[in-house]
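Q: need a structure here:
(one chain, ligands or ions: 2)
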Amino acid sequence: MFRITSACTGCGVCAAECPFEAIQEQTRTLYVINTQTCTDCGRCEEVCPEEAVAYEEIPMAQAVS
Ligand code: SF4
Ligand code: SF4
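A: Ligands and ions are numbered 1, 2, ... in the order given. As a prediction, the model looks like this:
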């Protein structure tokens, strides 16, 4: 799953580019990815100018639950 890190500057490029509208602006944490609607397409990681989108493997126990 993709996750936005603290390197995010809040530019909004990823949210504008996400084809599934899975990235929302948050008042305190800038932008977050909605894991319910994110399809792991990787577009946000490609377009982020700050390299603030990180990919993390989901632990097996969490993936099957
Ligand atoms: S493109 Fe990168 S820096 Fe811009 S809002 Fe998204 S995660 Fe943050
Ligand atoms: S990986 Fe794709 S679907 Fe998920 S938040 Fe990024 S652009 Fe949107």
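Q: what does stretch 4-14 contact?
A: 23, 25, 30-33, 43-44, 47-54 (C-beta atoms under 8 Å, 6 or more residues apart in numbering). C-beta: built from backbone N, CA, C; applies to glycine.
Q: Just confirm yes or no for that stretch near ligand 1.
A: Yes: using C-beta under 6 Å from any ligand atom, stretch 4-14 reaches ligand 1 at Ile4, Cys8, Thr9, Gly10, Cys11, Gly12, Val13, Cys14.
Q: quick revisit: out of the contacts of stretch 4-14, show me where the pLDDT dips lowest.
A: Looking at the contacts of stretch 4-14, model confidence by pLDDT dips furthest at Leu30: 84.
Q: before we move on, the earlier item: now a ChimeraX select for only the buried ones of the residues of stretch 4-14 next to ligand 1.
A: Written as a ChimeraX command, the selection of buried residues from the residues of stretch 4-14 next to ligand 1, which uses 16 or more other C-beta atoms under 10 Å, is:
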select :4,8,13,14
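Q: Would you reformat the residues of stretch 4-14 next to ligand 1 as TSV and include pLDDT?
A: As requested, the residues of stretch 4-14 next to ligand 1 are exported to TSV (pLDDT from 0 to 100):
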residue	pLDDT
Ile4	92
Cys8	92
Thr9	92
Gly10	92
Cys11	93
Gly12	94
Val13	95
Cys14	96
